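need a 3D model of the sequence below.
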Amino acid sequence: MARSSRRTGALLGTLLGALLVSGCGGSGSDDIPQFDAINADEDLSSAGPEQREALTDGEVTQDEYTAGFERFRACLRAEGYELRDVELVGVVWQGGIPAEAVDSGVEKTCYDRDFKFVDVVWQTSNQEETSLLDALRYCLQERGLGVPSTLAEAQRAVAGAGLDEASCVAEYDAL
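Next comes the predicted model:
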């Protein structure tokens, strides 16, 4: 796949999380508890029943997160669009969204209904692990080494290459 598509795919989780963390927060519904990651004035009426159910206990599990992602993916597929280069990187699903799906509004409709709030709560609650993985992956990639998908694999690769994890994080933070 072309480099720009890979970059788009790699940015999906990060961009969606960053946009939502800065733009979403609370509940706006009696059956969904307040989340720090969701603004109190956020309208949850676009969230489908499965997504609302996942939020009612005040936390999002990995199974609920993955189920939300798969609903989002299935919704896009039902409308004729396919995510590209889908992979679980650390604890975050990433993949390229076709521009046509965005332009048509299908991506927003599917995302809002099936995944938006579950995604932002999950990514916010797992931000530390995701940030460390991003830093270690960058460090390895910059040295022409393999780029693993999980934090444990990345930590082993960094150690195996004789690199210092803290130095990798500092290098990434300096970007």
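
please make it C-alpha for all contacts and neighbour counts, starting now.
Will do.

what segments of the protein are helices?
Listed in chain order, the helices of the chain (DSSP state H) span 3-23, 49-55, 62-78, 99-104, 106-114, 116-125, 127-142, 151-160, 165-173.

can I get those in TSV with distance to residue 89?
Formatted as TSV, the helices of the chain follow (distance: least, CA to CA, whole Å):
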stretch	distance to residue 89
helix 3-23	9
helix 49-55	22
helix 62-78	12
helix 99-104	22
helix 106-114	19
helix 116-125	12
helix 127-142	8
helix 151-160	8
helix 165-173	17
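
tell me, how many residues neighbour residue 149?
Residue neighbour count, defined by other CA atoms under 10 Å, stands at 17 for residue 149.

return the distance of the residue nearest to it when sequence neighbours are not counted relative to residue 123.
What sits nearest to residue 149 in space, not counting adjacent residues and going by CA to CA, 6 or more residues apart in numbering, is residue 89, at 4.6 Å. Going from residue 89 to residue 123 by CA to CA, to the nearest Å gives 12 Å.

okay, those two: which has more neighbours?
Remark: of residue 89 and residue 123, residue 123 carries more neighbours, 26 against 19, as counted by other CA under 10 Å.

quick check, that one in contact with residue 92.
Yes - at 7.1 Å, residue 123 counts as touching residue 92 under the criterion of CA atoms under 8 Å.

next, count neighbours for residue 53.
Considering only other CA under 10 Å, residue 53 is surrounded by 13 other residues.

what of residue 82?
Number of residues near residue 82 (other CA under 10 Å) recorded here: 18.

so what's it up against?
When contacts are counted by CA atoms under 8 Å, 6 or more residues apart in numbering, residue 82 touches 73, 76, 97, 98.

tell me which of those residues is nearest to residue 118?
Using CA to CA, residue 73 comes nearest to residue 118 of those, at 14.1 Å.
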